[in-house]
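Novice: quick check, what structure comes out for this input:
(4 chains)
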There are 2 protein chains.
Amino acid sequence: MIRITKQTDYGIVLLTHLAAHPERTFNAPELAAEAGLPLPMVSKTLKLLTREGLLASHRGVRGGYGLAQPAEEITMTQVISALEGPIAITECIDVSGECSHERVCPTRNNWQRINHALKEALDQISLAEMTPPSGADLGARLVQLGRGTAAAPAA
Amino acid sequence: MIRITKQTDYGIVLLTHLAAHPERTFNAPELAAEAGLPLPMVSKTLKLLTREGLLASHRGVRGGYGLAQPAEEITMTQVISALEGPIAITECIDVSGECSHERVCPTRNNWQRINHALKEALDQISLAEMTPPSGADLGARLVQLGRGTAAAPAA
DNA sequence: GGAATTCGGACTGTTTCAGTCCTGTTTAGG
DNA sequence: CCTAAACAGGACTGAAACAGTCCGAATTCC
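Specialist: Predicted structure coming up:
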């Protein structure tokens, strides 16, 4: 399993929540409560997303967070690379021209192919597409994802 | 960075090495020496690949390892899933029908899209394509990959 | 029967990740 | 101007996963 970190997962949940209510902003405690996530983690994640330019923050008494752009214009590539770093499965890729074996290394070119395909796929999905119609509660979904539990009470 | 484990990387190096010399077999110490990797890790990785059916092992005095199929018929999907588990970036995918929010969860469908694209890409690359023309020394490449070092002695 | 080799699993140190907490800075409002 | 609410940045800790090691048993060739 090639897995993303939990913080990335949190980030996606938070972003979709914000995308579902574009008319208003949320502060960290509100988001934590509504998504059912630990506040410190939410706070941390929001800060990161802000630094990466995906969220606009407003300080002070009535401060909070909102999307920096319309959800339709935010791609999953942006989201994942903000939270996880550059989209690449291997490391021998991003630094171009470093690998002196390049000529005899078809491996490298093929990794690029793989990474490219992944990036393509992520590019074509916007945050808006990941967002439920509103109304629907996202917090519950998170439980499903919890580290391979799959312990759905199969009542 | 969505990264694969080091063992997976080792595995790919070992497999390409075997693919480059289809006429013979190698035992663990030989492979470790020629790839410049720690023997216990090589041994561990070879065992795993054998259990997963990618390698054929032969015990006893003149034992060793060889590819279980021609390199052209081994896809990167097989390799990665043998070493890393099922090809999927998220967990809410592989267990089908578990997620009760499926109807209101476009997120799920889009993750499937992403995972599928990745699998597609891996399916279309065979081990043979990843393998240098032979002769070329693969061991050196590994050093390049070492945990983001990129410390190529640019002399 | 002995030596070489794979097989299976237990074990340990290190790194990364998840989560917490604290201190400072900014802003609204009285 | 002063206070309270909120974000910003970073240090810190415990837990989990990973990388790597080692040993005893089973198998096979000579």
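Novice: from here on, contacts and neighbour counts on C-alpha atoms
Specialist: Will do.
Novice: run through the strands of chain A in chain order.
Specialist: A:55-58, A:64-67 (DSSP state E).
Novice: so which of those strands is the most surrounded?
Specialist: strand A:64-67 (a mean of 21; mean count of other Cα atoms under 10 Å in any protein chain shown).
Novice: and that one, does that touch DNA strand D?
Specialist: Yes: Strand A:64-67 is in contact with DNA strand D by Cα under 7 Å from any atom of the strand, via A:64-65.
Novice: can you pull out the helices in chain A?
Specialist: For chain A, applying DSSP state H gives helices covering A:6-20, A:28-35, A:39-51, A:76-84, A:106-123, A:127-130, A:139-145.
Novice: point out where chain A drops to low pLDDT.
Specialist: By pLDDT under 70, the weakly predicted segments of chain A are A:90-108, A:134-155.
Novice: what does it have sitting close to DNA strand D?
Specialist: Going by Cα under 7 Å from any atom of the strand, the residues of chain A near DNA strand D are A:26-29, A:44, A:46-47, A:50-51, A:57-65, A:147.
Novice: show the buried residues in those.
Specialist: Among these, those buried by neighbour count (16 or more other Cα atoms under 10 Å in any protein chain shown) are A:26-29, A:46-47, A:50, A:57, A:64-65.
Novice: quick check, nearest of those residues to A:P132?
Specialist: A:P132 has its nearest neighbour among those in A:F26, at 17.8 Å by Cα to Cα.
Novice: beta partners for the closest one?
Specialist: A:Y65 (DSSP bridges).
Novice: contacting residues for it?
Specialist: Going by Cα atoms under 8 Å, 6 or more residues apart in numbering or on different chains, A:F26 touches A:18, A:64-66.
Novice: re the thing from before, which of the helices of chain A is buried the deepest?
Specialist: helix A:127-130 (a mean of 22).
Novice: list the helices and strands it packs on?
Specialist: Counting contacts by 3 or more Cα pairs under 8 Å, 6 or more residues apart in numbering or on different chains; DSSP states H and E, helix A:127-130 packs against helix A:6-20, helix B:106-123.
Novice: show me what the last one is packed against.
Specialist: Just to be clear, that refers to helix B:106-123. Contact partners of helix B:106-123 among helices and strands, from 3+ Cα pairs under 8 Å, 6+ apart: helix A:106-123, helix A:127-130, helix B:76-84.
Novice: in TSV, list the ones you listed along with distance to DNA strand C.
Specialist: Below are the helices and strands packed on helix B:106-123 laid out as TSV (distance: least, Cα to the nearest atom of the strand, whole Å):
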stretch	distance to DNA strand C
helix A:106-123	18
helix A:127-130	20
helix B:76-84	14
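Novice: would a markdown table of those helices with distance to A:M1 be doable?
Specialist: Shown next, in a markdown table, are these (distance: least, Cα to Cα, whole Å):
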| stretch | distance to A:M1 |
| --- | --- |
| helix A:106-123 | 15 |
| helix A:127-130 | 22 |
| helix B:76-84 | 5 |
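Novice: looking at those, which is closest to B:I125?
Specialist: It's helix B:76-84; of the helices and strands packed on helix B:106-123, that one is closest to B:I125 (Cα to Cα) at 5.8 Å.
Novice: the closest one close to chain A?
Specialist: Yes: shown here: helix B:76-84 in contact with chain A (Cα under 8 Å from any Cα of the partner chain) through B:81, B:84.
Novice: and that helix, how far from the chain's centre?
Specialist: 5 Å (Cα atoms, centre = their mean, to the nearest Å).
Novice: what of stretch A:33-42?
Specialist: Relative to its chain's centre, stretch A:33-42 lies at 15 Å (Cα atoms, centre = their mean).
Novice: residue contacts, A:E52?
Specialist: So A:E52 contacts A:A82 (Cα under 8 Å, 6+ apart).
Novice: please apply the same query to A:S81.
Specialist: By Cα under 8 Å, 6+ apart, the contact list for A:S81 reads A:87, B:1.
Novice: ok, A:D123 next?
Specialist: A:75-77.
Novice: adding distance to A:P132, write those residues out as CSV.
Specialist: Supplementary listing: the contacts of A:D123 in CSV, determined by distance: Cα to Cα, whole Å:
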residue, distance to A:P132
A:T75, 16
A:M76, 15
A:T77, 19
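Novice: of the helices of chain A, which is nearest B:R3?
Specialist: Distance to B:R3, taken as Cα to Cα, is lowest for helix A:76-84 among these, at 9.9 Å.
Novice: now do that closest one and helix B:106-123, the angle between them.
Specialist: Orientation of helix A:76-84 against helix B:106-123 (axes from the mean of the first three to the mean of the last three Cα atoms, to 10 degrees) gives an angle of 90 degrees.
Novice: could I have helix A:76-84 exported to PDB, CA atoms only?
Specialist: What follows is helix A:76-84, C-alpha atoms only, in PDB (Å, rounded to 0.1, in the frame of the first residue of the first chain):
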ATOM      1  CA  MET A  76      -5.900  17.500  -6.300                       C
ATOM      2  CA  THR A  77      -2.400  17.900  -7.400                       C
ATOM      3  CA  GLN A  78      -2.200  21.200  -5.500                       C
ATOM      4  CA  VAL A  79      -3.700  19.700  -2.500                       C
ATOM      5  CA  ILE A  80      -1.500  16.600  -2.300                       C
ATOM      6  CA  SER A  81       1.700  18.400  -3.100                       C
ATOM      7  CA  ALA A  82       0.900  21.100  -0.500                       C
ATOM      8  CA  LEU A  83       0.500  18.500   2.100                       C
ATOM      9  CA  GLU A  84       2.800  15.700   1.000                       C
END
